[in-house]
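> pasting the sequence and the predicted model now:
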Amino acid sequence: MIKGFIFDLDGVITDTAELHFLAWKKLADEMSWLFNREVNEKLRGVSRMDSINIIREHNNATVDEHKLLELAAMKNDIYVASLDTMTEDDYLPGARELLTHLRQEGFLVALGSASKNSTKVLKQLDATKYFDVIGDGNSVSKSKPAPDIFLFGADKLGLKPEECIVYEDAEAGVDAANTGGFYSVGIGPEERVGYADLRFDSMKEATLFAVKNHFEE
Ligand code: B16
Ligand code: MG
């Protein structure tokens, strides 16, 4: 029986991808590195340090660990400052409605994001009240596709993976949910989240009714 929901943040609740893109682009320009939307797509759901390594490798650049941490911190400062522009109007269509519905129906809800800035993002959206547990990049050390972040959320909710549905927009996130034994809902195109148990093009269609019907029939 489904008792809980675990949500990824970027690409499911809100679209911080554009702000991540602008911050990486600014850093890349300062480094005279090539960076475009195609490379940015590879960063979806991927941790900050894994992201900078993808960009570095794309540029065949050699950077020592210390400098790499410094560059990632620079990008993060740009990104965090840009979060100030986010407001309650920045939910992806359907996300706030679903979170409200889950509260009304008494489901347990956790966040399962790779971001270390999730607290600030939720605050900007005024979304903290919808979550019983916050699992993010600060909660576990192994990032997606390892299932650790979702296992953390389920454990803190006091639920088994098979009692939880995970919403994800990234391939690595769907893999993490499937490996952990969760029901997975993919948000996005078939070529990206096709391995999910159930897939929707957007959050607008991924309602409680549509999802519960599928998993409890
Ligand atoms: P931060 P999610 C992910 O969020 C983003 O999709 C990814 O682009 C980002 O690199 C990662 O968070 C880490 O974010 O730099 O804020 O710690 O989709 O897992 O909610
Ligand atoms: Mg995501």
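Noted; the coordinates are in hand. Ligands and ions are numbered 1, 2, ... in the order given.

> how close does residue 27 sit to residue 109?
34 Å (C-beta to C-beta, to the nearest Å). Quick note: C-beta positions are derived from backbone N, CA and C, even for glycine.

> er, residue 35 I mean
In this view, residue 35 and residue 109 are 35 Å apart by C-beta to C-beta.

> wait, residue 143 sits on residue 149?
Yes. Contact criterion C-beta atoms under 8 Å: residue 143 and residue 149 qualify, at 7.3 Å.

> am I right that residue 206 sits in a strand?
No. Using DSSP: H, G, I helix; E, B strand; the rest coil, the secondary structure at residue 206 is coil, not a strand.

> tell me, what's the model's pLDDT at it?
Reported pLDDT at residue 206 in the predicted model: 98.

> so it makes contact with residue 196?
No. Checked against C-beta under 8 Å, the pair residue 206 and residue 196 is beyond contact range at 10.5 Å.

> so what sits against both of the two?
Residues within reach of residue 206 and of residue 196 at once, by C-beta atoms under 8 Å, 6 or more residues apart in numbering, are residue 185.

> how about the helices in this protein?
Secondary structure of the chain by DSSP state H: the helices cover 17-31, 37-41, 48-58, 65-82, 95-105, 118-125, 148-157, 171-180, 190-193, 208-216.

> so which of those gets nearest ligand 2?
Ranking the helices of the chain by proximity to ligand 2 (C-beta to the ion) places helix 171-180 first, at 5.8 Å.

> list of residues touching stretch 39-52?
Identification of contacts with stretch 39-52 by C-beta under 8 Å, 6+ apart yields 8, 10-11, 17, 20-21, 24, 54-55, 58, 68-69, 71-72, 75-76, 114, 116, 137, 143-144, 168-173, 192.

> still on that earlier bit, of the helices of the chain, which stretch is the most buried?
Ranked by mean neighbour count, the helices of the chain are led by helix 171-180 with a mean of 24 (mean count of other C-beta atoms under 10 Å).

> what sits against residue 174?
Going by C-beta under 8 Å, 6+ apart, residue 174 touches 168, 184, 186, 193, 195, 196.

> try it again at 10 Å.
8, 45, 144-145, 166-168, 182, 184-188, 192-197, 199 (C-beta atoms under 10 Å, 6 or more residues apart in numbering).

> which PyMOL command selects the buried ones in those?
Buried members of these, defined by 16 or more other C-beta atoms under 10 Å, are picked up in PyMOL with:
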select buried, resi 8+45+144+145+166+167+168+182+184+185+186+187+188+192+193+196+197+199
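
> check the contacts of residue 174 one by one and keep those near ligand 2.
By C-beta under 5 Å from the ion, the members of these lying near ligand 2 are 8, 45.

> narrow the contacts of residue 174 to those in strands?
Applying DSSP state E to the contacts of residue 174, the entries found in strands are 166, 167, 168, 184, 185, 186, 187, 199.
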